[in-house]
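> This is a predicted model, with the sequence first.
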Amino acid sequence: MFDGSSLDLGVSATDRQLSTSELTARQNDDRSVVDLALLERMYDSGRYLFVCSSGVLPPRLTGLWAGSWNGAWADDFTTDANINLQVAGGTILSHGDAMQGYFDLVLGQLDDWRRNATNLYGARGLLAPSRTDGEYGHMLHFNGGDFPGQCWTGGADWMLYPLLEQNRPDAGRRFGRPGLGDRRPLTRSPRSYRKLGLSGTRGRPGSRRPCGR
């Protein structure tokens, strides 16, 4: 998994033998130019940490080594930016099996996402939660006016994008889980939801428009 991709910026063999502390110190001595050897090391470090903290599920917000049973943000998966950025390059940079935990997290919650869209907006499609413990995908984080998770109506698109990359025709890859079939309906569902949110739901009882629309 670690060797699935690499970053070669033409750094000398001597520089690649330097420790991370030495590279960091050298960068701090001259911040006007990016130290390419340090940049290569950061790339390798990111791949290493991603692989090590992935498993049945993808990396949690605070990783696996928080040293606490009560970590920040409940050690959950914060899906409105954090996990999205953590796995952003996972598919195109060939993280291999390390991405399976993310695929399983998303695919295991799709029924909950559909219920969110129906229960909150009376709409078809998918409404991803802003946070999840990994066990379910219900939208539960409303927090009054400071964190209105129910207004995060574009989340499903972002969460599904790595699956689209994995399943694109030129990638030569397909999901290994049986019974999942064609993913095209999934890529249509968030768009259908947003369209309904913008135009209303044709007068059905209980129908509402998304926040701020």
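Perfect, I can see it now.

> Just say helix, strand or coil for residue 50.
When the structure is reduced to helix, strand and coil (DSSP: H, G, I helix; E, B strand; the rest coil), residue 50 reads as helix.

> How much space separates it from residue 3?
13 Å (CB to CB, to the nearest Å). The way it works is simple: take the backbone N, C-alpha and C, and place the C-beta from them, glycine included.

> which of those two has more neighbours?
Looking at residue 50 and residue 3 with other CB atoms under 10 Å, you find the greater number of neighbours at residue 50, namely 21 against 8.

> That one and residue 90 touch, don't they?
Yes: proximity of residue 50 to residue 90 meets the contact threshold set by CB atoms under 8 Å, at 7.0 Å.

> Quick check: neighbours shared by those two?
Counting by CB atoms under 8 Å, 6 or more residues apart in numbering, the residues touching both residue 50 and residue 90 are residue 98.

> what's the burial count for residue 26?
Residues lying near residue 26 (other CB under 10 Å) number 14.

> what about it, which SS state?
Note that with three-state DSSP, the state of residue 26 is helix.

> So for it, what's the pLDDT?
At residue 26, the pLDDT value in this model is 97.

> now it: how far from residue 90?
Residue 26 sits at a distance of 30 Å from residue 90 (criterion: CB to CB).

> all strands for this structure, in order.
In the chain, strands defined by DSSP state E lie at 77-78, 131-132, listed in chain order.

> Including mean pLDDT and distance to residue 157, could those strands go into JSON lines?
Shown next, in JSON lines, are the strands of the chain (pLDDT from 0 to 100; distance: least, CB to CB, whole Å):
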{"stretch": "strand 77-78", "mean pLDDT": "88", "distance to residue 157": "17"}
{"stretch": "strand 131-132", "mean pLDDT": "90", "distance to residue 157": "17"}
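
> Can you tell me which of the ones you listed is packed in deepest?
Per-residue neighbour counts averaged over each of the strands of the chain give the maximum for strand 131-132, namely a mean of 22 (mean count of other CB atoms under 10 Å).

> In this protein, where is pLDDT below threshold?
Within the chain, the set of residues satisfying pLDDT under 70 comprises 63-66, 144-145, 168-213.

> could you redo the last one with a cut-off of 90?
For the chain, the stretches with pLDDT under 90 are 1-6, 46-99, 124-125, 130-131, 133, 139-155, 157-158, 161-213.
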